[in-house]
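In: structure, please.
(2 chains)
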Amino acid sequence: DQQVKQNSPSLSVQEGRISILNCDYTNSMFDYFLWYKKYPAEGPTFLISISSIKDKNEDGRFTVFLNKSAKHLSLHIVPSQPGDSAVYFCAASANPRPDKLIFGTGTRLQVFP
Amino acid sequence: EPEVTQTPSHQVTQMGQEVILRCVPISNHLYFYWYRQILGQKVEFLVSFYNNEISEKSEIFDDQFSVERPDGSNFTLKIRSTKLEDSAMYFCASSRDRGMNEQYFGPGTRLTVT
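Out: Alright, predicted model coming up:
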């Protein structure tokens, strides 16, 4: 099941710079997208979401961009902080099955001083 | 800040035994979910639950699995006869609404089947 793909398993960014995490999807029925952050031995923590009627959503340092024609979304973190170091998952859901979140494989972000 | 809690954090069981994983969802949430993550693999949806019944389940959620909300606060996942391949992290989640609404996850229970 490769409906949601995160092609970069890892990303290393200097503190203060922008982190850009990417996610591609194949199912055109997806209408809601979410980003989660996960630390080791913890559950996924909700970060930010976007519905398919928008192309951008911003919350503090986090901005999610959605390009429906390219079936691509990205998470921008500006400025990046060492505490942002974690695994980031994108997830998607579709009507008529809105309960089921389909997750990507995750991207490990490391923010170094 | 309200959070989803899960117990135990780690459960070791022998193949063929029954296990019950427990979750306390966020108190004003109405929709409840179980996911699992096998080591090195994606987080996978198992089941969703609303109004005391299953609203959706995946192909993983076969007759060996069941869910229950035995009282006003707990939400449980039972595996009737565990197999080696059930070893995984099991995450409970809850949401206020259905669909375009973020799901909040608990810390997980690591199930090890020997």
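In: what residues of stretch B:88-96 count as buried?
Out: Within stretch B:88-96, the residues scored as buried using 16 or more other CB atoms under 10 Å in any protein chain shown are B:88-95. Quick note: C-beta positions are derived from backbone N, CA and C, even for glycine.
In: meant to ask about stretch B:51-62, not that
Out: B:55-58, B:61.
In: what does chain A have sitting close to chain B?
Out: A:1, A:31-32, A:34, A:36, A:41-46, A:49, A:51, A:89, A:91, A:93, A:95, A:97-106 (CB under 8 Å from any CB of the partner chain).
In: show me the contacts for residue A:63.
Out: Residues counted as contacts of residue A:63 (CB atoms under 8 Å, 6 or more residues apart in numbering or on different chains) are A:48, A:56-57, A:75-76, A:78.
In: write the ChimeraX selection for whichever of these are buried.
Out: Here is the ChimeraX command that selects the buried residues among the contacts of residue A:63 (16+ other CB under 10 Å):
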select /A:48,57,75,76
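In: so which of the contacts of residue A:63 is the closest to residue A:14?
Out: Taking CB to CB as the measure, residue A:14 sits nearest to residue A:78 out of these, at 12.4 Å.
In: tell me the contacts of residue 101?
Out: No chain was given, so I picked chain A. So residue A:101 contacts A:34, A:91-93, B:35, B:43, B:45, B:103 (CB under 8 Å, 6+ apart).
In: that answer is for a different chain, and I need it for chain B
Out: Listed by CB under 8 Å, 6+ apart, the contact set of residue B:101 reads B:31, B:95.
In: in TSV: the contacts of residue A:101, plus pLDDT, distance to residue B:51 and secondary structure.
Out: As requested, the contacts of residue A:101 are exported to TSV (pLDDT from 0 to 100; distance: CB to CB, whole Å; DSSP: H, G, I helix; E, B strand; the rest coil):
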residue	pLDDT	distance to residue B:51	secondary structure
A:34	95	24	strand
A:91	95	24	strand
A:92	94	25	strand
A:93	91	19	strand
B:35	97	20	strand
B:43	94	25	strand
B:45	95	19	strand
B:103	92	17	coil
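In: nearest to residue A:67, of those?
Out: Nearest to residue A:67 among the contacts of residue A:101: residue A:92, at 13.7 Å, using CB to CB.
In: so which pair among the contacts of residue A:101 is furthest apart in space?
Out: So, the contacts of residue A:101 by CB to CB: farthest apart are A:92 and B:35, at 14.1 Å.
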